[in-house]
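Generate coordinates for the sequence data below:
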Amino acid sequence: MSKTNKGVPIEFIGKNSFDQNSFKENLEMIIDEVKKGKIIIMDNSLNPQKKKKLIEKSMQAIDDDFPGIEFTSLETGDFIDKAINKIYTVLGKNRKRGLTIVGNSKAMEKVKEDKESVSFVAKNVEVENAS
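Numbers count the residues shown, from 1 in each chain. Model prediction:
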């Protein structure tokens, strides 16, 4: 195994790409990529049930090399947009607009978070890679 230290890789995943797979498949992909040291930015905001599943999945993945995740969601939209989102939620659909940012807890540190903005510091971390 060799160690790499090449900066902080950031991957943006659009909503359409995210919607092509099941949430379970997306969770697997997110955890796998975050374990490699990436910060994932998704073009959607997770509902509370999906946030819970993300936390559960990351807790199961914790080991000596992976300390877990840090994540935040930022919802966007005006009052009407948020009201429409609630209707979709009642219908069992996810229409939340916004961003979800997920990273290795060693690589990502939240600085500020509120309903309208989020700030974080991305740190360079060494990640074990099989070579």
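
Bridge partners for the residue nearest to the spatial centre of the chain, pull those for me.
The residue lying closest to the centre of the chain (C-alpha atoms, centre = their mean) is residue 102, at 2.9 Å. Here residue 102 shows beta-bridge partners residue 40, residue 71, assigned using DSSP bridges.

isn't it right next to residue 57, touching?
No - Residue 102 lies out of contact with residue 57 (C-beta atoms under 8 Å); the separation is 10.7 Å. For the C-beta atoms, the positions are set from N, CA and C on the backbone; glycine is no exception.

Now for the residue nearest to the centre of the chain: which residues touch it?
Residue 102 sits next to 30, 34, 39, 40, 42, 54, 69, 70, 71 when contact means C-beta atoms under 8 Å, 6 or more residues apart in numbering.

And the third one, how far from residue 120?
Here residue 39 is placed at a distance of 9 Å from residue 120 (C-beta to C-beta, to the nearest Å).

Tell me which of those two has more neighbours.
residue 39 (21 against 18; other C-beta atoms under 10 Å).

how about the nearest residue to the more buried one, chain neighbours excluded?
residue 103 (3.9 Å; C-beta to C-beta, 6 or more residues apart in numbering).

Can you list the low-confidence ranges for the chain?
Scanning the chain for pLDDT under 70 picks out 1-6, 76-86, 88-89, 91-97, 111, 125-131.

coming back round to it: number of residues surrounding the residue nearest to residue 39?
Neighbours of residue 103 (other C-beta under 10 Å): 26.

likewise the one 10 residues further on?
Here the count is done by other C-beta under 10 Å, and residue 113 has 13 residues near it.

Please list all residues in contact with it.
72, 119.

Would you mind measuring from it to residue 75?
12 Å.

Tell me where the protein has strands.
2-4, 10-13, 39-42, 69-75, 98-104, 108-113, 118-122, 127-129 (DSSP state E).

Can you report phi and psi for the nearest residue to residue 122 once chain neighbours are set aside?
Once flanking residues are discounted, residue 122 sits nearest to residue 8: 4.2 Å by C-beta to C-beta, 6+ apart. With angles defined as degrees, to the nearest 10, residue 8 sits at phi -110, psi 100.

Would you confirm that residue 8 contacts residue 40?
No - with contacts counted by C-beta under 8 Å, residue 8 stays clear of residue 40, the gap being 11.7 Å.
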